[in-house]
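Q: model this:
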Amino acid sequence: MKAVKPKVMVLRAAGTNCEAETAHAFSLVGAAPTVMHINRLREKPAALRDYQVLAIPGGFSYGDDIASGRILANELMSALRDELLSFIDRGGFAIGICNGFQVLVKAGLLPRVDGASSQQATLTDNESGRYTDTWVRVKPDAAKCQWVPDADEVELPIAHAEGRFAADAATLDRLERDGQIALRYSGGTNPNGSARDIAGVCDPTGRVFGLMPHPERFLRWENHPRWTREERRAEGDGVRFFRCAVRRLQA
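A: All right, here's what the predicted structure looks like:
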């Protein structure tokens, strides 16, 4: 029997610029993505009930006015809070990439330690004070996060000015204790000064995942800056995260 394709809503707003790449990533691994503007979802919040995955891609939503992701986060929780929480409660998967990660954190949907729904952490200015565009190595933790297939180190691109994950010590300790730190910068490649080298976290269910690196920008080996100088690989490292979630939804 042919596996059913999970339906993915790729949510965009003014300033989002990675929706096409994110939708393509899901298409590659057997999902059925639809790019939807936030205004259309606000007109019909119940539309979210038709989807199994919500993806909030990277970019500069609303120009990152006030702070990165803040306006879209406020819009989500003022107009769509009940639908979003119901979506998660019934088993929906969600991913926020870069600006999308900032949105999920500032909406209180990540990290939700001890089930809290208020904002518990933030993503703020890089310690360098500069926008950083480079490649980093990251070490996943597959114990809880449903988007992470294994603990193999991967390399991914980053591009952000406000990527430093920050929270109080008690929250960081709970994230460590509960296995919610899904991704860490490894080998001294922390590009922004994130507390405890955090590059991505998941919620207590493991189904809501946010990360600063861009997996949707490394789907083909040719995306890599050293693709002509290293042994060719069948695909880019970013594919693994999308495939992992889709396979779990199809299981």
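
Q: separation between Asp203 and Phe93?
A: In this view, Asp203 and Phe93 are 11 Å apart by CB to CB, to the nearest Å. All C-beta spots, glycine's among them, are computed from the backbone N, C-alpha and C.

Q: shared neighbours, these two?
A: With contacts defined as CB atoms under 8 Å, 6 or more residues apart in numbering, the residues shared by Asp203 and Phe93 are Phe209.

Q: Check which helices and strands whichever strand or helix holds Leu104 is in contact with.
A: Taking DSSP states H and E as the criterion, Leu104 maps to helix 99-106. Counting contacts by 3 or more CB pairs under 8 Å, 6 or more residues apart in numbering; DSSP states H and E, helix 99-106 packs against strand 53-56, helix 70-79, strand 93-97, strand 122-124, strand 208-211.

Q: Setting aside sequence neighbours, what's the nearest residue to Leu183?
A: With sequence-adjacent residues excluded and distances taken as CB to CB, 6 or more residues apart in numbering, Leu183 is closest to Gly200, at 3.3 Å.

Q: What are the buried residues along the host helix or strand of that neighbour?
A: According to DSSP H and E, Gly200 maps onto strand 198-202. Using 16 or more other CB atoms under 10 Å as the test for burial, strand 198-202 gives Ile198, Ala199, Gly200, Val201, Cys202.

Q: What are the neighbouring residues in contact with the fourth one?
A: With CB under 8 Å, 6+ apart as the criterion, the residues that contact Val201 are Leu110, Pro111, Ala121, Phe165, Leu175, Gln180, Ile181, Ala182, Leu183, Phe209, Gly210.

Q: Run through the bridge partners of it.
A: Legend: beta-bridge partners of Val201 under DSSP bridges are Ile181, Gly210.
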